[in-house]
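>>> With the sequence up front, the predicted model follows.
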Amino acid sequence: MQYYQSPVKRILIIRPGALGDLIVTLPTFGAIRHYFPDAHIEIMGYTTLLEITKGRFYADAVSRFDHADNIPLFVDNAQLPPSLIKKFEGVDLIFSFVSDKEQVFARNLRKTGVKHIIHREPLPACSESIHIIDYLLKSLDSLGITYPNIMPKVFLNNEDLCFGEKFIKDAAVDSSKPLIAIHPGSGSRQKCWPVERFAALMSRLSRNMDAQFLVTSGPADDKIIEELRKKPGNTFITANQLPLPHLAAIIAKCRLFIGNDSGVTHLAAATGTPTIALFGPTDPRIWGPRGEKVTILYKKLPCSPCPVDIRKNCFSLSCLNQIEIESVVKERCNML
């Protein structure tokens, strides 16, 4: 089914959110690109994250989306300033993944002159038991767009790949030994496997398979990295706060990735690197990373999954504490 009688030349996709939110939307971006191969596609969100899409199949351009810059679009019956209207000039089709339950944002977007707007709430309703990737893809149903690929995939260019090669070379990684990526951080403490277990796991894998380790981290993970360094016998290289395409290129060089429920773990799965994801309070049926070689370790308890408001006050982390080191080692053997 062709939705439009005239060609679609310019498409704008508005997708704010964190890294994980971006990665789970890649199949939707890909389906749009396949359906409109000649269109100019711009993705609006957080530009530092969107570099993973710019000139890498999904997007021709990226731009910043900030609620503060677009306040009139969220005000009912607002008078839009000409500068804001100009921002959407020439756009034929908008896909919006902005929280907009009252449709105020969508109505104001139509005032800019954009005729075709597809809106999808960024999160499914609590009553919906559907994986987030499948939920987002359903935004395309009204256009008759099919989506045979439901696995996120990152596309790296030559500069990204060269950076990955050079990083590994400069870090003096021994190519005869397996390099395992570890991501011990997450967006919240309640989603982190105990750092002591990561340290013990690294010691175990170092003894058993002479593994080397790359630890990936973000700005909030400094304390975790320091704790890992204090553990006797644990040596590793770090990849800290790199541009996403460069981080993806480094992870793609690893034999295995082991990480918490986080955006970086979704990124790792999208590179094709065998990935073990450690899940605690969130539901992997909805939020689990997808990839060709992904294993999710998850201990479902009577209180699982844990709502965010309750999770904030959970200090026992029983769901994560029940994931044993031996379980991770066993999965490592199955994947390599």
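Arrived safely. Note that the coordinates shown come from a computational prediction; the quantities given were computed from them, not determined experimentally.
>>> Tell me the bridge partners for residue 63.
Beta-bridge partners recorded for residue 63 (DSSP bridges): residue 44.
>>> Distance check, it against residue 42.
Note on residue 63: its distance to residue 42, by C-beta to C-beta, to the nearest Å, is 6 Å. Any C-beta I mention is one placed from the backbone N, CA and C, and that applies to glycine too.
>>> Compare the two and say which is more crowded by neighbours.
Set side by side, residue 63 and residue 42 give different neighbour counts by other C-beta atoms under 10 Å, the larger being at residue 42 (19 against 15).
>>> Chain neighbours aside, what residue packs nearest to the more buried one?
Nearest non-adjacent residue to residue 42, counting by C-beta to C-beta, 6 or more residues apart in numbering: residue 61, 4.4 Å away.
>>> Surely the one you found and residue 53 touch.
No: with contact defined as C-beta atoms under 8 Å, residue 61 does not reach residue 53; the gap is 9.8 Å.
>>> Between those two, which is the more surrounded one?
With other C-beta under 10 Å as the criterion, residue 61 and residue 53 differ in neighbour count, and residue 53 comes out ahead with 28 against 15.
>>> Tell me the confidence at the residue nearest to residue 42?
Taken from the predicted model, the pLDDT recorded for residue 61 is 98.
>>> can you check the one 4 residues further on too?
Note for residue 65: predicted pLDDT of 94.
>>> wouldn't it be in contact with residue 13 here?
No: here residue 65 lies out of contact with residue 13, judged by C-beta under 8 Å, at a distance of 10.1 Å.
>>> any shared contact partners between those two?
Both residue 65 and residue 13 are in contact with residue 44, where contact means C-beta atoms under 8 Å, 6 or more residues apart in numbering.
>>> Settle it for me: which of the two has more neighbours?
A side-by-side neighbour count of residue 65 and residue 13, using other C-beta under 10 Å, places residue 13 first with 24 against 18.
>>> Would you enumerate the residues in contact with the more buried one?
Neighbours of residue 13 in contact, by C-beta under 8 Å, 6+ apart: 29, 32, 41-44, 59, 94-95, 97.
>>> Using a markdown table, please lay out those residues together with secondary structure.
As requested, the contacts of residue 13 are arranged in a markdown table below (DSSP: H, G, I helix; E, B strand; the rest coil):
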| residue | secondary structure |
| --- | --- |
| 29 | helix |
| 32 | helix |
| 41 | strand |
| 42 | strand |
| 43 | strand |
| 44 | strand |
| 59 | strand |
| 94 | strand |
| 95 | strand |
| 97 | coil |
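>>> Before I go, just wanted to say thanks for your time.
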